[in-house]
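Asks: when you get a sec, could you give me coordinates for this:
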Amino acid sequence: MGLGTLPSYPQTSYRLHRGIAAALATAFCIAIVVGQTGTASAASGGAGVELRPKITKVICAKKCAGKKRNRVARGGSTIRIKGDDLNIASKVIFLGGPGSRDDTVARVRTGNRKRALVKVPADSASGRIVAVTANGIKSKASQYFTVLPQPPVIGTPELKPVPTGNRSISLQAGTSTPRKVYLGAKELVRYSLKLSGVDGAKVSIALTRLSSGETAAAWTIPAPNGQVVSVDWNGEIGNQPASPGRYAFTVAINTDLVALSSVKPSSVVEARDAFDLHGFMFPVRGRYNYGRRGARFGGGRGHQGQDLMARCGTKLVAARGGTVVESRFQSAAGNFIVIRPDSAEIGDQAYMHMPRRSPFRKGDRVYTGQQIGQVGSTGRSSACHLHFEQWTGAIWRSRPIDPLPSLRAWSLVK
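Replies: Numbering: from 1, shown residues only. Below is the predicted model:
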């Protein structure tokens, strides 16, 4: 057979091959249609590859903290998530720091394919965010997103009976939790009571420092029959911070009604309603140690603070509330923040080597016990630790002092 000669097949053989080719082509077209249908119906559980939501940007939309150009989210804020296929996302996970202990979950409130709105849970931490479908398919994590930590809040007082000396009058009272409170906190302590069995009465409430008998605060308020009334104390006496120690509330019933003139005022100090006031909270909220000699104040290279060795990612809180005067990166200190306490008797306090910049910025208000960052090893550091500094006044304009005695004292508050 020459190069230009075509082979010769029987007619029946030609028809058979032509039929097989047509059948294969038809099957191939059907396969393409089925594959396309499966992909298109992925969101409804059809065959094929399921869709995966995608996050490209996260911004704070409502109830944000900070100025317009530097707004950040906080618990209760509404964030707007931008991306693709967000209409199939049913919830969002705020990943926070390493591990799942501080993860929080929020449902997607409203949205479409390109954007979704989510309310930030109160206890969310800064970190990456993932969107999750009803089938458990997760998006890739977003870029790092800042969530301003919420300050600690006081718990609702548990009301318990208090003797009144009269069977017709019922008095219940209680102090908020926790019973260890700190100066500089946003909310310090609340005392609540409910008086029943008498109309038009008032109650006199006094707060006393038990060691000295000093009256720290006093209130006289109406006590409507059967209603809960409360008073709050901010930790001040005459606009000055109160002395640390144990305090307790007393309450007396006052009435001008003749029918109840025989009722003696009740003045009761109950151990169950006492609380302890402290000036500072220990800043590292996890296991730690004070390191070796080089970690001490005055150690090698003019060490101006005390190192607290702890695992990377350990929570850091403000030892004392105040105003942020520095929050940035520096080659030696790494990511650091400086807080100036409200009390004029206390100098600036610095927290250094955090893994990333604190969510708080210069000028922000921070409360005692509020998370300001995590233990890290940025800047001139060879291991994860907090470098803590205490100054007599403004940082770098006064002189540093050894914070170790103070830290040891603060660590005793469990």
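Asks: look up how far Thr175 lies from Asn239.
Replies: Per Cβ to Cβ, to the nearest Å, Asn239 is found 23 Å from Thr175. All C-beta spots, glycine's among them, are computed from the backbone N, C-alpha and C.
Asks: list the residue ranges of the chain that fall below the pLDDT cut-off.
Replies: Where the chain drops to pLDDT under 70, the residues are 1-49, 68-70, 255-271, 300-301.
Asks: again, only using 50
Replies: 1-18, 20-21, 23-46, 257-266 (pLDDT under 50).
Asks: so what's the residue count around Thr104?
Replies: Applying other Cβ atoms under 10 Å, we find 18 residues neighbouring Thr104.
Asks: is it true that it touches Asp123?
Replies: Yes. When contacts are counted by Cβ atoms under 8 Å, Thr104 is listed as touching Asp123 (6.0 Å).
Asks: before we move on, back to that, out of Asn239 and Thr175, which sits in the busier spot?
Replies: Taking neighbours as other Cβ under 10 Å, Asn239 and Thr175 compare with Thr175 leading, 23 against 6.
Asks: list the buried residues for stretch 204-211?
Replies: Across stretch 204-211, burial judged by 16 or more other Cβ atoms under 10 Å covers Ile205, Ala206, Leu207, Thr208, Arg209.
Asks: ok, and the closest non-adjacent residue to the residue minimising distance to the centre of the chain?
Replies: Nearest residue to the geometric centre of the chain (Cα atoms, centre = their mean): Pro149, 3.6 Å. Distance criterion Cβ to Cβ, 6 or more residues apart in numbering; nearest residue to Pro149, sequence neighbours excluded, is Gln371 at 4.0 Å.
Asks: distance of the one you found from Ile59?
Replies: 22 Å.
Asks: comparing those two, which residue is more hemmed in?
Replies: Between Gln371 and Ile59, Gln371 has the larger neighbour count (other Cβ under 10 Å), namely 23 against 13.
Asks: run through the bridge partners of Arg74.
Replies: Leu148 (DSSP bridges).
Asks: over to Thr104?
Replies: Phe94.
Asks: next up, the contacts around it.
Replies: Ile93, Phe94, Gly96, Pro121, Asp123, Ser124, Ala125 (Cβ atoms under 8 Å, 6 or more residues apart in numbering).
Asks: so which of those comes closest to Val198?
Replies: Closest to Val198 out of the contacts of Thr104 is Asp123 (41.3 Å), distances taken as Cβ to Cβ.
Asks: assign a three-state SS to that closest one, would you?
Replies: coil (DSSP: H, G, I helix; E, B strand; the rest coil).
Asks: now Asp402: how far from Val375?
Replies: Taken as Cβ to Cβ, the span from Asp402 to Val375 is 21 Å.
Asks: the spatially closest residue to Arg272 that is not a sequence neighbour: neighbour count?
Replies: The spatially closest residue to Arg272, leaving aside those adjacent along the chain, is Lys160, at 6.9 Å (Cβ to Cβ, 6+ apart). Other residues lying near Lys160 total 12 when counted by other Cβ under 10 Å.
Asks: for Gly197, see how far away Lys160 is.
Replies: 17 Å.
Asks: report how many residues lie close to Gln374.
Replies: With other Cβ under 10 Å as criterion, Gln374 counts 26.
Asks: just say helix, strand or coil for the spatially closest residue to it that is not a sequence neighbour.
Replies: Take Gln374 and drop its neighbours on the chain: the residue closest to it by Cβ to Cβ, 6+ apart is Gly313, 5.1 Å away. Secondary structure of Gly313, reduced to three states by three-state DSSP: coil.
Asks: ok, now which ones touch Gly313?
Replies: Gly313 neighbours (Cβ under 8 Å, 6+ apart): Gly97, Pro98, Gly99, Pro355, Gln374, Val375, Gly376.
Asks: phi, psi of Gly136?
Replies: phi 90, psi 10 (degrees, to the nearest 10).
Asks: what about it, neighbour count?
Replies: Gly136 has 7 nearby residues by other Cβ under 10 Å.
Asks: Ile81 too?
Replies: Using other Cβ under 10 Å: Ile81 sits among 26 other residues.
Asks: can you offset everything so residue one is 22?
Replies: With the count now opening at 22, the last piece we talked about shows up as Ile102.
Asks: could you pull out the buried residues of stretch 183-191?
Replies: Val183, Thr185, Asn187, Ile190.
Asks: go on, stretch 195-209?
Replies: Of the residues in stretch 195-209, those buried (16+ other Cβ under 10 Å) are Gly195, Thr196, Ser197, Val202, Tyr203, Leu204, Gly205, Ala206, Lys207, Glu208, Leu209.
Asks: start and end of it, how far apart?
Replies: Taking Cα to Cα, to the nearest Å, stretch 195-209 runs 14 Å from one end to the other.
Asks: do you know how far the residue nearest to Pro170 is from Ala227?
Replies: 35 Å.
Asks: of Asp423 and Val396, which one has the most company?
Replies: Just comparing Asp423 and Val396: by other Cβ under 10 Å the higher neighbour count belongs to Val396, 25 against 14.
Asks: can you tell me which residues contact the more buried one?
Replies: Here Val396 is in contact with 305, 307, 329, 331-335, 337, 374-376, 405-407 (Cβ under 8 Å, 6+ apart).
Asks: which ones among those lie within strands?
Replies: Using DSSP state E, the subset of the contacts of Val396 located in strands is Leu329, Ala331, Leu337, His374, Met375, His406, Leu407.
Asks: so in terms of bridging, what pairs with the fifth one?
Replies: Beta-bridge pairing of Met375, defined through DSSP bridges, involves Asn356.
Asks: test my guess that it contacts Thr399.
Replies: Yes. Using Cβ under 8 Å as the test, Met375 is close enough to Thr399 to be in contact (6.6 Å).
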